[in-house]
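Turn this into a structure:
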Amino acid sequence: MKQQRFLVIVGPTGVGKTRVALEIAEKSGAQILSADSRQIYRYMDIGTAKPSPEERRRVRHYFIDIINPDQRYSAGDYGQQARQQLRDLFRLGKLPIVVGGSGLYIRALLDGLSPELPSNPEIKNQLIEELKASGNIELHRRLREVDPQAAERIHPHDSQRILRALEVFQITGRKISELQKILPQRKLEFTPVVIGLNMERKKLYRKIEQRVERMIAEGLVEEVEKLVKMGYSKDLNSLKTVGYKEVFPLLEGKQTLEKTVEEIKKNSRRYAKRQLTWFCSDPRVRWIDNFRGDSTALWKLLCDS
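Numbers count the residues shown, from 1 in each chain. Reported below is the predicted structural model:
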């Protein structure tokens, strides 16, 4: 029996994934599952480039605005819930389109993540205190000593994942990168058609920089200011991401608006490069390298699969 297929659109930030997914969804009656680890947060609209309310009225979206910025949500949570959403949509006769640039979310959906690894509150709290005393870079250096493969995958500023990898190592004496490979994972019962969008690097960077300027014009600084007034701390993982963390020095009077914009552009380009590195390592991705915004090629790849 032929498995049911669904479309997965991946690629770097700014390449045009959201727009082309909307176009295909409107033509086909599909519904969209966001695979963006920042669009899950409420009140963070401009800096995460969420689809507009009008776009979300036209096409049903899932996994947008599901938690507050101070709530915890893991890639494992996403993988389990997104798989269930796929089942529900297929049962309704709807084509699911998964779109996003969060590599770990895509992996959790397509491959599943290992069952919950052991946790120890005492060790975890000790590591948190060490993080406060020594900082991300020092703990990332320690992780590189005990688990170079995990350190390669985890960004030096991703404190949550650094802490988790060190915690697992201290509890088990084994590398988290090894444990994730050997623990059983549940196979996805549907067939993904994974399409990667890319374009010439200079053009991509220009689009990213133009989008940052639009975000500033649309009120990104005011959005961050409002989050602060609502009581959300700059130390939250949700607000340590590109487009948000760079604004805090501006609000504190330590940085000009011009410098803030420069930093967001620079970090957005770096993020796009990391996304491409991640997705290029996945042999399932079929790349459209000179993407110009046309949905025809994506639809053809899905139909021909």
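
ok, V146 - contacts?
For V146, the contacting residues are L166, F169, K175, by C-beta atoms under 8 Å, 6 or more residues apart in numbering. All C-beta atoms are positioned from the backbone trio N, CA, C, and that covers glycine.

Just name the closest of these to V8, please.
In terms of C-beta to C-beta, no member of the contacts of V146 lies closer to V8 than K175, at 28.8 Å.

What is the burial count for the closest one?
The local packing count at K175 equals 18, with neighbours defined by other C-beta atoms under 10 Å.

Now tabulate the contacts of V146 in a markdown table and tack on pLDDT.
Shown next, in a markdown table, are those (pLDDT from 0 to 100):
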| residue | pLDDT |
| --- | --- |
| L166 | 94 |
| F169 | 90 |
| K175 | 90 |
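
how far does stretch 21-35 stretch from start to finish?
12 Å (C-alpha to C-alpha, to the nearest Å).

Contacts for it, please.
Judged by C-beta under 8 Å, 6+ apart, the contacts made with stretch 21-35 from elsewhere in the structure are 7-10, 40, 51, 55, 58-64, 78, 82, 85-86, 89, 94-102, 105-106, 109, 295, 298-299.

Can you tell me the element the residue lying closest to V242 once chain neighbours are set aside falls in?
Nearest in space to V242, with sequence neighbours left out and distances taken as C-beta to C-beta, 6 or more residues apart in numbering, is N267 at 4.6 Å. Element membership for N267, per DSSP states H and E: helix 257-280.

cool, I216 as well?
Per DSSP H and E, I216 falls inside helix 201-218.

Show me how far that helix is from its chain's centre.
The gap between where helix 201-218 is centred and where its chain is centred comes out at 19 Å by C-alpha atoms, centre = their mean, to the nearest Å.

contacts for the helix holding N267?
Under the criterion C-beta under 8 Å, 6+ apart, residues 10-15, 101, 103, 155, 196, 198, 204-205, 208-209, 211-213, 215-216, 221, 242-243, 246-247, 249-250, 255, 285 lie in contact with helix 257-280.

Make a ChimeraX selection of whichever of these turn out to be buried.
Here is the ChimeraX selection string for the buried members of those, based on 16 or more other C-beta atoms under 10 Å:
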select :10,11,12,13,14,15,101,103,196,198,204,205,208,209,211,212,215,216,221,242,243,246,247,250,255,285
